[in-house]
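> Below are the sequence and a predicted model; questions follow.
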Amino acid sequence: MSIANQPIQDRRGRDRRGRDGGGQARRGPSRPVWEEPPSPAGQGLKGLVLTAMVLAVLFPMWSVLVTSLSSRETINAAGGMVVVPRELDLSAYVNIFSGGQVSRAVWVSTMVTVVGTLFSLVLTVLAAYGLSRKDSVAHRPLLFLFLLTFLIYPGMVPSYLVVTGLGLKNSLWALILPTAISVFNLVVIRAFFMNVPAELIDAARIDGAGEIRILWRIMLPLSRAVIAVVGLFYAVGYWNAYFNAVLYIDDNDKWPIQRVLQSYILAGQSPSVTGAPVNIPGVTAYPPTLAVKMAVVVITVLPAIVIFPFVQRHFTKGVITGAVKG
């Protein structure tokens with residue numbers, strides 16, 4: 001028997017195909033219970049539990065959507081929230097977007113979200129890059145001050161006094177500046193910047209690049225994933241924020257959509273729409289109040305649902321890499 005035809009054996013005389021020297025197939029070593037393959041009953045139970053969890057999330061969303069598209073007769077027949085759709089009625093959405101408080105609130109929330117997200121990303125990236133350079137001025141004291149906010153929060157009254165003292169009452173900047181920088185997002189981006197090889201930065205400095213050029217040409221292209229995730233965090237935070245509007249905004253025309261939703265759903269106020277007749281076939285002029293409320297809920301939730309799938313692929317690479325390796 002030639003050497004080429006002999007089976008490759010390990011130290012115990014068994015070849016790599018799982019057979020011992022006598023050609024008998026060996027049994028695999030015993031594994032812990034948590035490494036055993038799941039039984040058919042276990043797989044079925046997991047499927048039932050996951051299905052129940054998905055239905056528990058989707059059923060309320062389905063009921064809200066169907067109710068917002070239902071007519072007054074359908075809502076009255078169901079006695080409230082509608083589960084089974086009968087006829088399509090777009091009067092709630094038509095009246096909302098034809099003018100009134102909800103239309104203004106959607107515009108205010110969109111402007112605050114776009115401007116606030118860009119403003120917060122610029123401040124967070126600049127601060128994270130400065131704190132990631134160990135030779136920067138006052139590196140340790142500034143980092144300590146940022147991390148101190150994890151333990152000590154000024155509270156609602158001092159924040160209100162600062163905002164009103166700066167003359168930001170009834171200004172849209174009162175919805176942006178108090179939450180412009182999240183220390184958690186800053187720490188995540190800083191950890192990602194610190195993982196960039198120092199040799200790459202040294203090579204750029206040898207070529208004559210300054211700090212701004214290094215940040216723009218090297219750091220930002222390498223950290224697009226983490227910046228996309230942090231940008232989503234900021235955008236969702238600005239879009240869903242309503243408490244700052246409760247504190248600082250007294251003018252109804254400057255309310256964001258979440259403040260309007262809070263007044264409709266929790267405070268029990270009636271939706272303020274134009275009330276003008278709608279000359280669209282199949283659309284009633286005055287939709288039911290419940291349908292308008294549920295339409296506002298759909299408009300509030302829809303942007304996050306639409307944007308999230310496009311940024312989801314960056315979550316593992318962005319947040320986990322930046323947080324764990326840092």
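Yep, that arrived.

> so how far is Asn195 from Val226?
Separation of Val226 from Asn195 (Cβ to Cβ, to the nearest Å): 10 Å. (Each C-beta comes from the backbone N, C-alpha and C, glycine too.)

> what's the answer for Val301, then?
Counting by Cβ to Cβ, the gap from Val301 to Asn195 is 35 Å.

> and if you look at Arg213?
Distance from Arg213 to Asn195, counting by Cβ to Cβ: 20 Å.

> what's the answer for Ala41, then?
Relative to Asn195, and taking Cβ to Cβ, Ala41 is found at 45 Å.

> who has more neighbours, these two?
Using other Cβ atoms under 10 Å as the criterion, Ala41 and Asn195 rank with Asn195 on top: 14 against 8.

> Can I get stretch 114-131 in CSV, CA atoms only?
C-alpha atoms of stretch 114-131 as CSV (Å, rounded to 0.1, in the frame of the first residue of the first chain):
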residue,chain,number,x,y,z
VAL,A,114,-33.6,67.0,9.6
VAL,A,115,-31.9,70.1,11.1
GLY,A,116,-31.4,68.5,14.5
THR,A,117,-29.9,65.3,13.1
LEU,A,118,-27.4,67.2,10.9
PHE,A,119,-26.5,69.5,13.8
SER,A,120,-26.1,66.7,16.3
LEU,A,121,-24.0,64.6,13.9
VAL,A,122,-21.6,67.5,13.2
LEU,A,123,-21.2,68.2,16.9
THR,A,124,-20.9,64.6,17.9
VAL,A,125,-18.4,63.7,15.2
LEU,A,126,-16.2,66.7,15.9
ALA,A,127,-16.2,66.1,19.7
ALA,A,128,-15.6,62.4,19.2
TYR,A,129,-12.7,63.0,16.9
GLY,A,130,-11.1,65.5,19.3
LEU,A,131,-11.5,63.1,22.3
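
> got the contact list for it?
Residues from elsewhere that reach stretch 114-131 (Cβ atoms under 8 Å, 6 or more residues apart in numbering): 136, 139, 142-143, 146, 175-176, 179-182, 185-187, 189-190, 193, 211, 215, 219-220, 227, 230-231, 234-235, 238.

> let's go with 6 Å and repeat that
Residues outside stretch 114-131 that contact it (Cβ atoms under 6 Å, 6 or more residues apart in numbering): 136, 143, 176, 180-181, 185-186, 189-190, 193, 215, 231, 234-235, 238.

> from those residues, which ones fall inside helices?
143, 185-186, 189-190, 193, 231, 234-235, 238 (DSSP state H).

> could you redo these as JSON lines and give each row neighbour count and distance to Val311?
Formatted as JSON lines, the ones in helices among the contacts of stretch 114-131 follow (neighbours: other Cβ atoms under 10 Å; distance: Cβ to Cβ, whole Å):
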{"residue": "Leu143", "neighbour count": "19", "distance to Val311": "28"}
{"residue": "Asn185", "neighbour count": "24", "distance to Val311": "14"}
{"residue": "Leu186", "neighbour count": "22", "distance to Val311": "19"}
{"residue": "Ile189", "neighbour count": "26", "distance to Val311": "15"}
{"residue": "Arg190", "neighbour count": "24", "distance to Val311": "20"}
{"residue": "Phe193", "neighbour count": "25", "distance to Val311": "20"}
{"residue": "Gly231", "neighbour count": "20", "distance to Val311": "8"}
{"residue": "Tyr234", "neighbour count": "23", "distance to Val311": "12"}
{"residue": "Ala235", "neighbour count": "21", "distance to Val311": "9"}
{"residue": "Tyr238", "neighbour count": "25", "distance to Val311": "15"}
